[in-house]
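Undergrad: coords please:
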Amino acid sequence: MFSVGDTVIYGSQGVCKITGTEQKRIGGKNVDYLVLRPVYDENSTIFIPANNELLTGKMKPVLTESEIYDMINSIRDEEIIEAYDDNERREQYQRIIAEGDRYMLFRLIKTIYLRKLSQEKKGKKLHQSDEAILKQAEKLLHNEFALVLDIKPDEVLPFIINSIQKKIS
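TA: Purely as a prediction, here's the structure:
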């Protein structure tokens, strides 16, 4: 499915490049591993057993440029994620991060951002756990957008805002 040189999204690790394969002797057996290097954290290395469908199933191709534009264009119409109590909300948000579905991450960012604005209007702050989830979701999505759009991760939010404003006007 994936080959050495491919860039993929790997679960909550984000954007990774498959840099090679290695064979390691584990429990008396030779096991083939895919070697992944996170694009924005070159000091990390991830080894995925090549025959482990659960782990290799967490690898997804990066979005295309047109998929990113479609996602940005649809964000105004996307529903927020409903959760009725703090525990349910945290569990749901963590599940979205773990699954790594970019459309759900985008909805999650929108949901937490709107919640943050609502709390600020009341003179309150966002829960620390929600703030941490927001940063994690933004990092995952912004790194992928930055790679595909050939911009820096910190340029992604202004890019999204500018794109949305262009659509409105």
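Undergrad: distance of the spatially most central residue of the chain relative to Asp70?
TA: When the chain is reduced to its mean C-alpha position, the nearest residue by Cα atoms, centre = their mean turns out to be Leu140, at 3.1 Å. For Leu140, the distance to Asp70 under the criterion Cβ to Cβ, to the nearest Å works out to 18 Å. All C-beta spots, glycine's among them, are computed from the backbone N, C-alpha and C.
Undergrad: domains for this protein, by residue range?
TA: 7-61, 65-168 (automatic domain parsing).
Undergrad: picking that back up, where does the residue nearest to the centre of the chain fall, helix, sheet strand or coil?
TA: Using DSSP: H, G, I helix; E, B strand; the rest coil as the criterion, the local structure at Leu140 reads helix.
Undergrad: contacts only, for it.
TA: For Leu140, the contacting residues are Ile9, Ser12, Gly14, Ile97, Gly100, Leu105, taking Cβ atoms under 8 Å, 6 or more residues apart in numbering as the criterion.
Undergrad: repeat for Asn87
TA: Applying Cβ under 8 Å, 6+ apart, no residues contact Asn87.
Undergrad: returning to that earlier point: which pair in the contacts of Leu140 spans the largest distance?
TA: Ile9 and Ile97 (12.4 Å; Cβ to Cβ).
Undergrad: what residue of this protein is the furthest out?
TA: The chain, Cα atoms, centre = their mean, max distance from centroid: Gly28 (36.2 Å).
Undergrad: run through the protein and note the low-pLDDT ranges.
TA: 167-169 (pLDDT under 70).
Undergrad: what packs against the lengthiest strand in it?
TA: If you go by DSSP state E, the chain has its longest strand at strand 14-26. Using 3 or more Cβ pairs under 8 Å, 6 or more residues apart in numbering; DSSP states H and E as the contact definition, the elements that strand 14-26 packs against are strand 7-10, strand 29-38, strand 46-49, helix 128-149.
Undergrad: need the contact list for Asp130.
TA: Contacts for Asp130 were tallied using Cβ under 8 Å, 6+ apart; they are Arg89, Tyr93, Ile112, Arg115, Lys116.
Undergrad: measure the closest residue to the third one other than its chain neighbours to Ser163 for me?
TA: The shortest distance from Ile112 to any residue other than its chain neighbours is 4.4 Å, reached at Leu134 (Cβ to Cβ, 6 or more residues apart in numbering). Separation of Leu134 from Ser163 (Cβ to Cβ) stands at 20 Å.
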